[in-house]
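Chemist: okay, sequence plus prediction incoming.
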Protein chains: 2
Amino acid sequence: MSVHDLETPSVLIDLDRMERNITRMQERCNELGLAFRPHTKTHKIPDIARMQLEAGAVGIACQKVSEAEVFTSAGINDIQIPYNIVGAQKTARLADLALYNRITVSADHPAVIAGLAEAARANEMAIRVMVDLATDIQRTGAPLDDVVDLAKRIDADENLHFAGLLVYPSNVTMRPAIQEALARLNEAGIGVDTVSGGGSGAALHAHEVPELTELRVGTYLFNDWSSVSKGWCSLDDCAMTVLATVVSRPTPDRVILDSGSKTLAADRWDNLHGYIVEYPEARIYQLSEEHAHCDFSACTARPDIGERVHVIPVHTCVVTNLHDVIYGVRGETVEVSWPVAARGRVW
Amino acid sequence: MSVHDLETPSVLIDLDRMERNITRMQERCNELGLAFRPHTKTHKIPDIARMQLEAGAVGIACQKVSEAEVFTSAGINDIQIPYNIVGAQKTARLADLALYNRITVSADHPAVIAGLAEAARANEMAIRVMVDLATDIQRTGAPLDDVVDLAKRIDADENLHFAGLLVYPSNVTMRPAIQEALARLNEAGIGVDTVSGGGSGAALHAHEVPELTELRVGTYLFNDWSSVSKGWCSLDDCAMTVLATVVSRPTPDRVILDSGSKTLAADRWDNLHGYIVEYPEARIYQLSEEHAHCDFSACTARPDIGERVHVIPVHTCVVTNLHDVIYGVRGETVEVSWPVAARGRVW
């Protein structure tokens, strides 16, 4: 099948670039003596996780229990879910998942730990739990002063196993806190299996945080325009594009594509919604649900109705999640159609 | 099944409110002597389209051919696709669809019309085509001065039928252009079947544009926080909420919910990502893919880890499209689970 046979909009993955991204990240981790744990939220496809494991990854990361269930069903058994799993139903599902698989979760509060312990006890098994350390992004995470207490609670419970420290993102600015946390845990006589860092930007500086034993990165697989803009990769590293058709040319400078927010997602970077490969000076200034509104005033060339273009999205992970199928392409050949198996798994 | 048995995050539809919204919009159109054509992009569910038809709608609107295919497969036959259908594959699919169903599309350019004519000719049938008139939103649409020429091209082609004027949104500001377009078409001897207006805001002022014969509205079915903010409806009219769990309380003022951009979409209104029913003063200031970051500093009460809340999303249509199933709820009872049949149909 040729790319020309595909309908638009369609999500295309340049296989050469994707394979290069997989290899390069694994090699970098190998050089640094870091275990690599790719985050599957970016692709949600078991076959791609297998490629990452074959390249040398130690396991994968998923962001929700229901996402992990798709991968264990596909035979992938070492999964980290760096998330507070809260609620009787969810922790019960987690405990079932962890019966036959090596599952690790994180926690930042005694209430979360208590919930995990209860579910593990009911299932007569032990769940691996890391302590989630608060970082610069101010999302979840326990303050440094609470780390030892939380680790002790996990360690003391016969149905939980303290699996180490989780840091997201593990930027260089976090190094002092990581060192201090490890020192205090050591002093308290608590062993630390893993120091799991992560984040696409932090990955570039992993060599500056030698305390890390493992790295979790997701976006590197496909990359996207915000990653290029942040200096994390180059345009040539972008494996994902959205193939779109010009459906309207209402004025000399305005071009409408058939890829709206239900295709590209509504994420913005620098107030724009993506980058058109064939027309680098074009600006996707607005998205309706099924239309991309583009300003071509800075371009010398203009496309005709019916012309196809490739759009590098702002944020790759959310684009994958909008589509039931994405296409692996080499040159002009569609080599593989991947069902996005874990699409929409948010529980 | 009770709502308490549902996992989070889940999309809930308050059936009483939805039914009231369906009835109220249909009654308003009846009073104004307008045909009502609900836009199914908001729900993407055949059963709900049937409810809208049973209440008195003349047909439905879909935004893409592949979306329409789902509804014709479910036995719904009168579908308007207010979109430029461009490309040999798409127009061929459209022509097949139109063989056994009453399908109407729109066009704003001779190239689009030529493509439709070619596909219809190859299929030995006629496609109904409206002229899309440029409006204030500056998306697609032909300028007023091109309307008669485009209508003549459609009218002259034996495989096309000129189906009238499409105006989106049909705000009161468009009335002069609509009147002028109709006058010119009349002068040219071209009959106008339909003047199809639409848009949630425009619908409130439809009585001020008596030239309209039909109204297309989608969002009214569920409503959302941006609609409330724009004054198009009240909070009590919002039928869609996202049920979410508090998973982290890292600081006294910060609350993290398990509903991120893969649940609520990334759409913003007034720089916020939704409205928490139980905590109206809370601000959802940021979304990660699987976390909602909320600022509770203005709230007197604070939730505990594990507490469930209802979030009214910014934009209902894109939320439906993220989920495989949504739940119809009456009181505490989950009355129905609807597969979102046309989810992800963007071709």
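Modeler: Received it, and whenever you're ready, just let me know what you need.

Chemist: number of residues surrounding the residue lying closest to residue A:171 once chain neighbours are set aside?
Modeler: When the adjacent residues along the chain are set aside, residue A:171 lies closest to residue A:202, with 4.9 Å between them (C-beta to C-beta, 6 or more residues apart in numbering or on different chains). The C-beta positions use only the backbone N, C-alpha and C, and glycine is treated the same way. Residues near residue A:202, counting by other C-beta atoms under 10 Å in any protein chain shown, number 25.

Chemist: checking residue A:202 next. Helix, strand or coil?
Modeler: Using DSSP: H, G, I helix; E, B strand; the rest coil, the secondary structure recorded for residue A:202 is helix.

Chemist: identify the residues contacting residue A:310.
Modeler: A:12, A:241-244, A:276-278 (C-beta atoms under 8 Å, 6 or more residues apart in numbering or on different chains).

Chemist: if it is in a bridge, with which residues?
Modeler: When bridges are called by DSSP bridges, residue A:310 pairs up with residue A:243.

Chemist: for chain B, see how far away it is.
Modeler: Here the distance between residue A:310 and chain B works out to 16 Å (C-beta to the nearest C-beta, to the nearest Å).

Chemist: show the pLDDT at that residue.
Modeler: You'll see residue A:310 listed with a pLDDT of 98.

Chemist: is chain B contacted by stretch A:209-223?
Modeler: No. Against chain B, stretch A:209-223 shows no contacts by C-beta under 8 Å from any C-beta of the partner chain, the least distance being 9.4 Å.

Chemist: what residues of that stretch count as buried?
Modeler: For stretch A:209-223, a neighbour-count test (16 or more other C-beta atoms under 10 Å in any protein chain shown) marks A:209, A:211-223 as buried.

Chemist: and that stretch, what's its mean pLDDT?
Modeler: The model assigns stretch A:209-223 a mean pLDDT of 98.

Chemist: so what would you say the end-to-end distance of that stretch is?
Modeler: Taking C-alpha to C-alpha, to the nearest Å as the measure, stretch A:209-223 stretches 23 Å from start to finish.

Chemist: which residue is the nearest non-sequential neighbour of the residue positioned nearest the centre of chain A?
Modeler: In chain A, the C-alpha nearest the mean C-alpha coordinate belongs to residue A:218, at 3.4 Å (C-alpha atoms, centre = their mean). Ranked by C-beta to C-beta, 6+ apart and with sequence neighbours excluded, the top spatial neighbour of residue A:218 is residue A:39, at 3.2 Å.

Chemist: mind listing the strands for the stretch 151-300 of chain A?
Modeler: Under the criterion DSSP state E, counting those that start in this stretch, strands of the stretch 151-300 of chain A are mapped to A:160-167, A:194-198, A:214-217, A:240-248, A:254-257, A:274-276, A:283-287, A:292-295.

Chemist: on that earlier part again, and the two most separated of the buried residues of stretch A:209-223?
Modeler: Of all pairs drawn from those, the greatest distance, 28.9 Å, lies between A:211 and A:222 (C-beta to C-beta).

Chemist: all helices of chain A, in order?
Modeler: Assigned helices in chain A, in chain order: A:15-32, A:46-55, A:65-73, A:88-100, A:110-122, A:147-156, A:175-187, A:200-203, A:225-229, A:261-264, A:316-320 (criterion: DSSP state H).

Chemist: let's have the ones you listed in JSON lines, adding distance to residue A:309.
Modeler: Supplementary listing: the helices of chain A in JSON lines, determined by distance: least, C-beta to C-beta, whole Å:
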{"stretch": "helix A:15-32", "distance to residue A:309": "18"}
{"stretch": "helix A:46-55", "distance to residue A:309": "25"}
{"stretch": "helix A:65-73", "distance to residue A:309": "32"}
{"stretch": "helix A:88-100", "distance to residue A:309": "42"}
{"stretch": "helix A:110-122", "distance to residue A:309": "46"}
{"stretch": "helix A:147-156", "distance to residue A:309": "49"}
{"stretch": "helix A:175-187", "distance to residue A:309": "43"}
{"stretch": "helix A:200-203", "distance to residue A:309": "26"}
{"stretch": "helix A:225-229", "distance to residue A:309": "14"}
{"stretch": "helix A:261-264", "distance to residue A:309": "12"}
{"stretch": "helix A:316-320", "distance to residue A:309": "16"}
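
Chemist: pick out the shakiest of these, pLDDT-wise.
Modeler: Taking each of the helices of chain A in turn, the lowest mean pLDDT turns up on helix A:200-203, with a mean of 93.

Chemist: so residue A:214 touches residue A:203, yeah?
Modeler: No. Between residue A:214 and residue A:203 there is no contact under C-beta atoms under 8 Å: 11.5 Å.

Chemist: and the gap between residue A:118 and chain B?
Modeler: Distance, residue A:118 to chain B, using C-beta to the nearest C-beta: 12 Å.

Chemist: same check, this time on residue A:152
Modeler: In terms of C-beta to the nearest C-beta, residue A:152 sits 19 Å off from chain B.

Chemist: same question for residue A:122.
Modeler: Look at residue A:122 and chain B: by C-beta to the nearest C-beta, they are 17 Å apart.

Chemist: for residue A:132, same thing?
Modeler: Noted for residue A:132: a distance of 8 Å to chain B, by C-beta to the nearest C-beta.

Chemist: any idea what that residue is bridged to?
Modeler: Once the bridges are assigned, which here means DSSP bridges, residue A:132 pairs with residue A:166.

Chemist: next up, the contacts around it.
Modeler: Taking C-beta under 8 Å, 6+ apart as the definition of contact, the neighbours of residue A:132 are A:82, A:84, A:106-108, A:140-142, A:166, A:168.

Chemist: got CSV for those residues, with neighbour count and distance to residue B:89 too?
Modeler: What follows is these, written out as CSV (neighbours: other C-beta atoms under 10 Å in any protein chain shown; distance: C-beta to C-beta, whole Å):
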residue, neighbour count, distance to residue B:89
A:82, 21, 42
A:84, 29, 46
A:106, 26, 47
A:107, 29, 51
A:108, 28, 50
A:140, 28, 46
A:141, 24, 49
A:142, 23, 54
A:166, 29, 47
A:168, 23, 43
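
Chemist: show me which of the contacts of residue A:310 are buried.
Modeler: For those, a burial check counting by 16+ other C-beta under 10 Å picks out A:12, A:241-244, A:276.

Chemist: return the residues in contact with residue A:163.
Modeler: Neighbour list for residue A:163: A:104, A:128-130, A:193-194 [criterion: C-beta under 8 Å, 6+ apart].

Chemist: wait, what's in contact with residue A:78?
Modeler: Under the criterion of C-beta under 8 Å, 6+ apart, the neighbours of residue A:78 are A:58-60, A:101-102.

Chemist: from those, keep the buried residues only.
Modeler: Neighbour counting by 16+ other C-beta under 10 Å classes A:59-60, A:101 among the contacts of residue A:78 as buried.

Chemist: can you redo those residues as a markdown table with pLDDT?
Modeler: As requested, the buried ones among the contacts of residue A:78 are arranged in a markdown table below (pLDDT from 0 to 100):
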| residue | pLDDT |
| --- | --- |
| A:59 | 98 |
| A:60 | 98 |
| A:101 | 97 |
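
Chemist: who in the stretch 51-200 of chain A is up against chain B?
Modeler: Along the stretch 51-200 of chain A, the residues adjacent to chain B under the rule C-beta under 8 Å from any C-beta are A:63-64, A:66, A:83-84, A:86-87, A:89-90, A:108-109, A:111-112, A:115, A:134, A:138-143.
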